[in-house]
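Chemist: quick one, structure for this:
(chains A and B)
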Amino acid sequence: MISVCFYRHGPCSHDRRSAAPIAAAVVRILVAIEPQMYREVLAFHICQQHPRCAEVVLASPQTLLAEAERVRPHLIFANEVPVSLKEMCFWVEVDSSDGLDATISANGYSTTIHDVSLQDLLAVVDKTVEEFAHGA
Amino acid sequence: MERSGTTEAAAGEKQGTGGRGPVRVLLADDHTMFREGLAGMLASSYAEEVEVVGKTDTGEEAIALAQKESPDVVIMQVDEKLEKAKETLSQILLPVDSTRPPKVIILTMFEEPRILREVMKLGPNTFVHKSASVEELLSTMRATVGDPTGENVVMVMPQGALDWSEDGAGGDVLSKRELEVLVLAARGMNNRQLAHHLDLSEGTVKRHLANIYPKMGVGSRGEAVRKALDNEWLTIHEITSDSGLR
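Modeler: Numbers count the residues shown, from 1 in each chain, chains lettered A, B, ... in the order given. Sure, this is the predicted structure:
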């Protein structure tokens, strides 16, 4: 299936394909969860919540590593975050196999939430923005 | 869809569509992040087109909300609890007080033809895999709502996810051209579009369709598509892919 992600009113800085490096003036967030509908919905709300200070990049699990190398994210949302990336940034692993559970690791804090809500995930974004927005 | 959970019916007066006002949608999905997020996204970016009149994570509440709010469309997740989903669907699709039942869009992460066929038998004509985009979900909703007869089957499935069946040609019953016409009809094309696509006259397309129905023992293109899928003469791959035609 080929699909192009776009929103009627446009996301903040929403980049899927550009090979150009992402500017380092904002907090960079890589959203690579499956299925696609979930990552679009999450990215939309991150952009709404932080239109000026969050750069959101969508990736598939297959392109996660390459996009992480290009984007150098402060926060990653993925179904499985590779170990090498876990050491570099805040991360959230979302498991949709039974309910929707999320394991969150941010700034030394770690927890698992069953049936994670949008607010739970946006709280991680808030935390990341607090931590990195001015020093990015 | 089995856990007890929240019911959040939107305030506001009911308004039918009939080409006026937004499509009134009920969301039934047990993934809270997705349900909340999609509802918020629709309210924020598609408010002129869609009004979310309720959202729930359980089948029981979906039935209750469907009866209370009379939505135009129910977007409903179907997962491995197939029997539960079938029970919910049959209740939602029951006409109440001479009100037309809502159109149902099945959202799923499954790709198995058997599951789709079982659900299709209950009446839903629209299936969207969650690997589709939100825009594709909206496109299928437009196609479903815009089809007054409910005869078309609309699907967005990953390309190649549903394999061809071994005897999928249906060649003993339909000619190659008739199968082509059926595939294009399954994609939602009307007679004029079919004629244009196949470089035929509309009259010829009508004739092909008129030949197809009695050969298959059906009375409409919707029935024809369903039967072709049931018998695996057509595959989802053929319907969703551009390959294999012409």
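Chemist: residue B:143: neighbour count?
Modeler: 16 (other C-beta atoms under 10 Å in any protein chain shown). (Each C-beta comes from the backbone N, C-alpha and C, glycine too.)
Chemist: mind giving me the packing neighbours of the host helix or strand of it?
Modeler: Using DSSP states H and E, residue B:143 sits in helix B:134-145. Applying 3 or more C-beta pairs under 8 Å, 6 or more residues apart in numbering or on different chains; DSSP states H and E, one finds that helix B:134-145 contacts helix A:36-49, strand B:23-28, strand B:73-78, strand B:103-108, strand B:126-129, strand B:154-156.
Chemist: can you give me the buried ones in it?
Modeler: By 16 or more other C-beta atoms under 10 Å in any protein chain shown, the buried positions in helix B:134-145 come out as B:134, B:135, B:136, B:137, B:138, B:140, B:141, B:143, B:144, B:145.
Chemist: and that helix with strand B:73-78, angle?
Modeler: 120 degrees (axes from the mean of the first three to the mean of the last three C-alpha atoms, to 10 degrees).
Chemist: any idea how far helix B:134-145 is from the middle of the chain?
Modeler: 9 Å (C-alpha atoms, centre = their mean, to the nearest Å).
Chemist: also stretch B:141-152?
Modeler: 8 Å.
Chemist: which residues are contacting that stretch?
Modeler: The contact list for stretch B:141-152 (C-beta atoms under 8 Å, 6 or more residues apart in numbering or on different chains) reads B:17, B:23, B:25, B:50, B:72-73, B:75, B:103, B:105, B:125-126, B:154, B:185-186, B:188, B:220-223, B:225.
Chemist: look up how far residue B:209 lies from residue A:26.
Modeler: 56 Å (C-beta to C-beta, to the nearest Å).
Chemist: so which residues of chain B form helices?
Modeler: Using DSSP state H, the helices found in chain B span residues B:32-45, B:59-69, B:82-92, B:113-120, B:134-145, B:176-186, B:191-198, B:202-216, B:221-230, B:236-240.
Chemist: so can I have a markdown table of those showing distance to residue A:103?
Modeler: Putting the helices of chain B into a markdown table (distance: least, C-beta to C-beta, whole Å) gives the following:
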| stretch | distance to residue A:103 |
| --- | --- |
| helix B:32-45 | 14 |
| helix B:59-69 | 28 |
| helix B:82-92 | 28 |
| helix B:113-120 | 29 |
| helix B:134-145 | 25 |
| helix B:176-186 | 42 |
| helix B:191-198 | 48 |
| helix B:202-216 | 51 |
| helix B:221-230 | 40 |
| helix B:236-240 | 34 |
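Chemist: looking at those helices, which is closest to residue A:85?
Modeler: The minimum distance between residue A:85 and the helices of chain B falls on helix B:32-45, with 21.5 Å, by C-beta to C-beta.
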